[in-house]
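1. Based on what follows, work out the 3D shape:
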Amino acid sequence: MTDTHTTDGGDIRLVVLDMAGTTVADGGLVERAFAAAAAELGVEPGSADHAEKLDYVRATMGESKITVFRHLFGAEEPARRANAAFEKAYGELVDGGLVAPVTGAREAIEELRADGRTVVLTTGFARVTQDAILDALGWRD
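-> Numbers count the residues shown, from 1 in each chain. Presented below is the predicted three-dimensional model:
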């Protein structure tokens, strides 16, 4: 890391990084877990409705999943059902070893921390999903 200052000369003390797609490679697990959630609510795979909903999921990557499901299914109860199905499916995929760190992510985080910066990860995943990813990667430290 060569530049440790902002353009106005202030020190960078906090670095915020996204998880899926930025520090964590999940190979499309969000879409696979969405498919499970959509099926739970009766959305037919391959249908126009499924394609439209999947497009919205892609467009809102990084946002809170429950917020996405509220938009997609319109009411709180089906959104919660979809979210629970998503979390379960994503967790099972993570437990199956289908996530990995993006190449160089761990090293970059370690370098930032060694330089005295606080590094935090942000995500639209629920806490249970975040924890499953952190555990799978051995990133609790």
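2. tell me the mean pLDDT for stretch 13-29?
-> Averaged across stretch 13-29, the pLDDT comes to 90.
3. any idea how far that stretch is from the chain center?
-> Averaging C-alpha positions (CA atoms, centre = their mean, to the nearest Å) puts stretch 13-29 7 Å from its chain's average.
4. List the buried residues in it.
-> Applying a neighbour-count criterion of 16 or more other CB atoms under 10 Å, one finds 17, 19, 20, 23, 24, 25, 26, 29 buried in stretch 13-29. Every C-beta, even on glycine, is put in place using the N, C-alpha and C of the backbone.
5. In the residues you listed, find the pair that's most separated.
-> Within the buried residues of stretch 13-29, 17 and 29 form the most distant pair, 18.2 Å apart (CB to CB).
6. if you go through the chain in chain order, where are the helices?
-> With helices called from DSSP state H, the chain shows them at 29-40, 48-59, 65-73, 76-95, 105-114, 127-137.
7. got those as CSV, with distance to residue 12 columns?
-> Formatted as CSV, the helices of the chain follow (distance: least, CB to CB, whole Å):
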stretch, distance to residue 12
helix 29-40, 29
helix 48-59, 30
helix 65-73, 29
helix 76-95, 31
helix 105-114, 9
helix 127-137, 23
